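>>> one predicted model, sequence on top.
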Amino acid sequence: MNESPASLLEDHPIVACVGSGGVGKTTLSAALALGAARRGANALVLTIDPAKRLADAMGQGALGAEPRALEKDTLGELGITTGSLSAMMLDTKRTFDDLVRRFARDGVTRDRIFANPIYQHVSDALAGSSEYSAMEKVDELVASGSFDVIVLDTPPSQHAMDFLEAPERLVGLVDSRIARHLVHPAMSAGRMGLRLLQRGTEPIFRLIERISGMGFLEDLAEFLLLFEELSEGFRARADHVRELLFGGTTAFVLAAGAGRGQVEQAIGLAERLDDLGARTRGVILNRLHLCSEPLDDWLDATDAWDALGPALIHQGLEPGLGPAATETARHCVESYALRVRRDAVRTEPLVQWAEGSGAFVRRVPELPRDVHDLATLCHIESVVFDPTLT
Amino acid sequence: MAQPLSHSAPPRPLLERRLIVVTGKGGTGKTTVTAALAWGAASRGLRVCVVETGRDEEVPGLFGEAEPPVGYEGRWLDCGANVMKMEPYAALAEYLQLQLRIPGLVTRLLDQPSFHALLDAAPGWRELITLGKVWHLLQPPQSSDDHIDLLIVDAPATGHGLTFLDVPRVVVSAVRAGPLQRHASWVEDMVRDPTRTLLLPVTLPEELPVRETLELVARARAEVGIAIDRVVINATEPDPLPPELPDLAQRLAALPTSPVGLPAPSTLAHCVAHRHARASLQREAIAELRAGTDLPFVALPRLDIDADGPAALNTLATALQRPVEPLR
């Protein structure tokens, strides 16, 4: 049986929506979660994109760092009676601090970590740190058992990989040889004092210090030493997250638009996911110009266009406006036809790729309005779940 | 901290800066704007260099010169612009070489798996080394052959773009005295110097990109302190409906049949209504931009770069260089 958005959401606790920037991942994630709710699931959509767009799409104003459920009445108006739909945004800073609080042995360790300049540097919204903590929250939410399915909106593709690999990298740092060299001499001496950092013994440290200055390595050593205590927790967490993402729990859906280069980026992303052992189960082509009739055939039908003005005049249009009406209509059909053709040509390689790998393909039309209310979101949902509507 | 920019005087011409950082939400056309700026600067005889920070080289392809890849070394293209692709590891090697001055040591350091593990886990170094390379490229060269008048960075998309520019400030505050801290502070000074550096936000005439751009402008001024003197609105289109035909779509939909050889009335109506609706959205988005910022904006027409190549770049370059009027 062919896979569909409905079966994916039914069979997987996590559905991750990946794609490059500006293709509408946030909107599509919300539409997927809405469809799951309509099918009776308790669904959550979680955005980790730094831009605060999901709130708009959900028509809910500001979203918080805890799941917030749509009112039953609101869902009822959308025809959703059994399932539920919640949304949340990830507060990365808070989650990272929570992680430290959770894994730190005691208050002294925790406070020293919070006071360490490197920790502040790592956690203080520097590039990459939001990715470190994102999967932690996802794991926590899955473990809570409050939701049947979590739809994950991910950062744009270049950062999506950081996001997916982040837990590994954090463990990689704590586990790395440099960390052991920096930290363990102090540990084995049985003292916490960083004076014991044996930086004189390793040429590599002398090199780094020539550039970074002494203080940096001391701060780094302290950071690693303190984090060492947390590393068991992190390591278990990273294994768990790897299993969550790539062990069959998570289904990946690729979102793409027909903009310049977007299809190539999407295919590149799918291939990298493949390398990580994650098969892309579906492709949603967003904001396409679609038309049920082939428009190209009419573009050169000058005589036929010439007959349009009189036909409109016959229907009551002021006679003087006939030529302008014809010209405008023709211009609009032409420019729309060009877009339909361009979108089809640009997305073709991705459609072929999807067919070759057994992923479903859905096409969402470009709408004459922006998506910031639930009615429009429902429209997108209906197209995603029922391709005959496109 | 950031000073609010005064708009009593018209903004200086774009190309008088040394460094233009182009940013915007994904899909707004940052790379196209970067290419058009470089194209225009080169055709005016400026020695211009483009730094691409994305995963793939895109600008040479827009110039029709995709092969061979320009790589980290960069290459002067036939259009007169130099394009290089940022490679953080290569930039780091270059930096370390300059600092340590002993080739063997640098190789040894970079070959250490543990050093790589440290780098992989350390956030921010890629951004810092990228900006450091930019800073380095703008220093007075050893020979006049290497002189660069204008450097254009195709920066990461909005959210990460600002983080990118903020890294030097964070490093200056996180790292104690030493060469790294000193160098980061030079880079920070470059980013915050309004006489040398400009952040050029690119948006689309759509609601969400505009809203994100307004957030970007506010945060760039408050947090990063980088100068912004205009916003580029890319891919604008005129409303196809003449004012005397406001209800054309409805009239078309009401036709019993189309003339023989034309699409069905509903299809005709759909095309007209769609184009008109998108134009209305565009008007609303531009109004929101106007209401939300004191910055003037530059509107670029929607063009098909793939189909029209250099002609389209010329049009965009001309529009970008047109003087902008202060809004107030």
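That came through fine. Since this is a predicted model, take the numbers as computed values, not measurements.

>>> parallel or antiparallel, which strands does the helix or strand containing A:R362 pair with?
Counting by DSSP states H and E, the element that carries A:R362 is strand A:360-365. Applying DSSP bridges to the sheet, strand A:360-365 is found paired with strand A:280-288 (parallel).

>>> contacts for the strand it pairs with next, please.
Contact partners of strand A:280-288, identified using Cβ atoms under 8 Å, 6 or more residues apart in numbering or on different chains, comprise A:3-5, A:8, A:17, A:23-24, A:27-28, A:251-258, A:266, A:270, A:273-274, A:343, A:347, A:350-351, A:353-354, A:357, A:359-367, A:384. For the C-beta atoms, the positions are set from N, CA and C on the backbone; glycine is no exception.

>>> what sits up against the helix or strand just after that strand?
Towards the C-terminus, the helix or strand next in line after strand A:280-288, according to DSSP H and E, is helix A:302-306. Defining contact as Cβ under 8 Å, 6+ apart, one finds that helix A:302-306 is touched by A:298, A:326, A:329-330, B:259-262.

>>> most neighbours of all those, which one?
A:A329 (27 neighbours; other Cβ atoms under 10 Å in any protein chain shown).

>>> rewinding a little: let me see the mean pLDDT of the strand holding A:R362.
Per-residue confidence for strand A:360-365 averages out to 96 on the pLDDT scale.

>>> may I see the buried residues of it?
The neighbour-count criterion (16 or more other Cβ atoms under 10 Å in any protein chain shown) identifies A:360-365 as the buried residues of strand A:360-365.

>>> one more: stretch A:344-362?
Using 16+ other Cβ under 10 Å, the residues of stretch A:344-362 that count as buried are A:344, A:346-347, A:350-351, A:353-354, A:359-362.

>>> quick check: most distant residue from the centroid of chain B.
When distances are taken from the C-alpha mean of chain B, B:P256 lies farthest, 49.5 Å away, according to Cα atoms, centre = their mean.

>>> tell me if it really is in a strand.
No. Residue assignment for B:P256, taken from DSSP: H, G, I helix; E, B strand; the rest coil, gives coil, which places it outside any strand.

>>> nearest spatial neighbour of it, chain-adjacent residues omitted?
The shortest distance from B:P256 to any residue other than its chain neighbours is 7.7 Å, reached at B:P265 (Cβ to Cβ, 6 or more residues apart in numbering or on different chains).

>>> kindly report the same for A:P387.
On the basis of Cβ to Cβ, 6+ apart, the spatially nearest residue to A:P387 that is not a chain neighbour turns out to be A:R362, at 5.8 Å.

>>> what pairs with that neighbour across the strands?
Beta bridges link A:R362 to A:I284, judged by DSSP bridges.

>>> the residue nearest to B:P256 reaches B:L252, doesn't it?
Yes. In this structure, B:P265 sits in contact with B:L252. The criterion is Cβ atoms under 8 Å, and the distance is 5.6 Å.

>>> of the two, who's got more company?
Looking at B:P265 and B:L252 with other Cβ under 10 Å, you find the greater number of neighbours at B:L252, namely 30 against 17.

>>> does the more buried one touch B:P263 like I think?
No. Applying Cβ under 8 Å, one finds B:L252 not in contact with B:P263, separated by 9.9 Å.

>>> which helix or strand lies directly C-terminal to the helix or strand of chain B with the lowest mean pLDDT?
Per-element confidence for chain B was summarised using mean pLDDT, DSSP states H and E. The lowest value among helices and strands belongs to helix B:113-121, with a mean of 68. Using DSSP H and E, the helix or strand that directly follows helix B:113-121 along the chain is helix B:125-137.
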